[in-house]
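J.: Sharing a model that was predicted from the sequence below.
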Amino acid sequence: MRILCITSGKGGVGKTTMAINLGIAIANAGRRVLLMDGDLGLANLNVLLGIVPKLTIHDVVHGRKTLPQIIISTPYGVDLIAGGSGMAELADLTAMERQRVMRGLELLDGYDFLMIDTGAGIGENIVRFILASDETVIVTTPHPTSLTDAYGVIKTILSQQPSTQLKLLVNCVNTPADAQRVAASLSRVTDTFMHSTLECIGYVPVDMRIEKSILMQKPHLILNPNAPSAKLIHEIAHRLLTSAPLTQDKHANKIEFFLKKLVGCST
Ligand SMILES: Nc1ncnc2c1ncn2[C@@H]1O[C@H](COP(=O)(O)OP(=O)(O)OP(=O)(O)O)[C@@H](O)[C@H]1O
């Protein structure tokens, strides 16, 4: 299993849209994908998928359900752990609550990818998700404030964990040259000041069909499978699939290891 965070410095840059559509593209390629809403403030993966969750992590923390029992299967080939109440609780659990969160995790062994849509910024909980994951995709647009905030995330993460594998996805570009410019300027600062490389895994243009898909609460890849932007999202998914993370998979149950890191259990 690969555990991948999708994050951004600035809000509203298309992080959730990319998490959903990349998840679907990876599922189309035959992998089992579990999407997790890690946004502690404005949980909206389920909203963009047109799903109203009945159960959340809150039910897990309080022992009413196990994590596998709150998974929702969607009509789009990906499964979902909805966010909302409970996600923030993960940061501050008692020993008993930690044990509850760990129940039944072996049932999640069959997933190939856990993709976590985090909130935006460098809040403590967001950084926890990133540090506990195998790899992180940072979404930015070419807008200067989005770039500055993306750099802030990169700096925060690499200063705490220099081995973190960071990938860049440039969204809402007008031309491919925009994406190249963004990737070059962010790579330059990470190379120079942090001696780390930032791999650009692709770009997605501004596309009003993406905007409309949000209003319709249906994924872009389902509504517009032949759009050029959908093809670019499939290419990004392919790049992710063919670039395995460098870390060795030492742990039989990756989700258990991940959650232990997330909620602060000693392993
Ligand atoms: N490539 C694109 N072309 C046009 N519109 C886009 C594109 N990508 C995202 N959007 C639009 O941008 C808006 C914000 O997208 P989204 O909710 O995915 O951002 P986010 O980064 O997850 O936001 P938040 O920080 O609030 O969670 C949505 O209305 C979405 O339709």
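T.: The structure has been received and is ready for your questions. Numbering: from 1, shown residues only.
J.: ok, Leu198 - contacts?
T.: By C-beta atoms under 8 Å, 6 or more residues apart in numbering, the residues touching Leu198 are Ile154, Leu166, Lys167, Leu168, Ala183, Leu186, Ser187, Thr190, Asp191. The C-beta positions use only the backbone N, C-alpha and C, and glycine is treated the same way.
J.: Can you pick out the most distant pair from the residues you listed?
T.: Within the contacts of Leu198, Lys167 and Asp191 form the most distant pair, 14.9 Å apart (C-beta to C-beta).
J.: Quick check on these two: which one has the bigger neighbour count.
T.: Neighbour totals were compared for Lys167 and Asp191, and Lys167 leads with 21 against 12 (other C-beta atoms under 10 Å).
J.: So that one: helix, strand or coil?
T.: Put simply, Lys167 is strand when judged by DSSP: H, G, I helix; E, B strand; the rest coil.
J.: for it, what are its contacts?
T.: Going by C-beta under 8 Å, 6+ apart, Lys167 touches Glu135, Thr136, Val137, Ile138, Leu198, Glu199, Cys200, Ile201, Leu240.
J.: Quick check on those: which are buried?
T.: Neighbour counting over those (16 or more other C-beta atoms under 10 Å) leaves Glu135, Thr136, Val137, Ile138, Leu198, Cys200, Ile201, Leu240 as the buried ones.
J.: The fourth one contacts Leu166, correct?
T.: Same thing as Ile138. Yes: Ile138 is within contact range of Leu166, at 6.0 Å (criterion: C-beta atoms under 8 Å).
J.: which residues are common contacts for these two?
T.: Contacts common to Ile138 and Leu166, judged by C-beta under 8 Å, 6+ apart, are Ile154.
J.: Is Cys5 located within a strand, as I assumed?
T.: Yes: under three-state DSSP, Cys5 sits within a strand.
J.: Can you read off the pLDDT for it?
T.: pLDDT for Cys5: 94.
J.: how much space between it and Gly264?
T.: Noted for Cys5: a distance of 17 Å to Gly264, by C-beta to C-beta, to the nearest Å.
J.: one step back: now, which of the contacts of Lys167 lie within strands?
T.: When the contacts of Lys167 are checked against strands (DSSP state E), the matches are Glu135, Thr136, Val137, Ile138, Glu199, Cys200, Ile201.
J.: which of Cys5 and Gly264 has more neighbours?
T.: Legend: neighbour count by other C-beta under 10 Å for Cys5 and Gly264, higher for Cys5 (27 against 13).
J.: thinking in terms of the whole chain, how far from its middle is the host helix or strand of Leu232?
T.: According to DSSP states H and E, Leu232 maps onto helix 228-242. The chain centre lies 15 Å from the centre of helix 228-242; the measure is C-alpha atoms, centre = their mean, to the nearest Å.
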